[in-house]
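> Sequence below, structure please.
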Amino acid sequence: MGKILSQKDISKLKTVKNIVLVGGCFDILHKGHIYFLHEVKKKGNVVVLLESDESVRKMKGKNRPINNQKDRSLILSCLEMVDYVINLNGVLKHSDYDRIIKAINPTFIGTVEGDRKIEHKERQMEKFGPKLLTVKRVNNISTTKLLEIVRTKYES
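Here you go, the predicted model:
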């Protein structure tokens, strides 16, 4: 089994123990992503739920993602701290995420301090039983902030 999985391949994870489930866009990989993945890896096998291009556009705006989902999943799959990447195509509703989380049955759901969508992860924790694993945010860095810095630097 390769590291990049489709939603149809989720059943292959049934034999994987101690799963730390994380999710996100991972558009332009930065030190915050690396630190987060490194920290959650200490607790188990890291499975990344990677948002679709459509979902990233809805969350981040029409000019995002910078890297398409195929490229983002390839980059993540090359990291030693990532065990599997599941491409989320057509997943836009809470019930879709719930179905996937129930199928994966993770031990932990990973998040960062100040996560704006924490209430959904807490609801999933209560509904499906994984523990919440919270990692300190690194210097409040994000892809959006990096893009602002680049635009400012090159527009002046």
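
> Next, count neighbours for residue 46.
Neighbourhood size, residue 46 [other C-beta atoms under 10 Å]: 25. For the C-beta atoms, the positions are set from N, CA and C on the backbone; glycine is no exception.

> tell me which element it falls in.
strand 45-51 (DSSP states H and E).

> Any stretches of the protein with poor pLDDT?
1, 156 (pLDDT under 70).

> For the residue nearest the centre of it, what are phi and psi?
Nearest residue to the geometric centre of the chain (C-alpha atoms, centre = their mean): residue 23, 2.1 Å. In terms of degrees, to the nearest 10, the main-chain angles of residue 23 are phi -140, psi 160.

> Show me the beta-bridge partners of the closest residue to it other than its chain neighbours.
Spatial nearest neighbour of residue 23, excluding adjacent residues (C-beta to C-beta, 6 or more residues apart in numbering): residue 49 at 3.8 Å. Beta bridges link residue 49 to residue 23, residue 86, judged by DSSP bridges.

> what about residue 49, how many residues close to it?
When neighbours are counted by other C-beta under 10 Å, residue 49 comes out with 20.

> now do residue 82
22.

> try residue 153
8.

> That one and residue 16, how far apart?
Residue 153 is 42 Å from residue 16, where distance means C-beta to C-beta, to the nearest Å.

> do residue 98 as well
20 Å.

> before we move on, what about residue 81?
Distance of residue 81 to residue 16, given as C-beta to C-beta: 15 Å.
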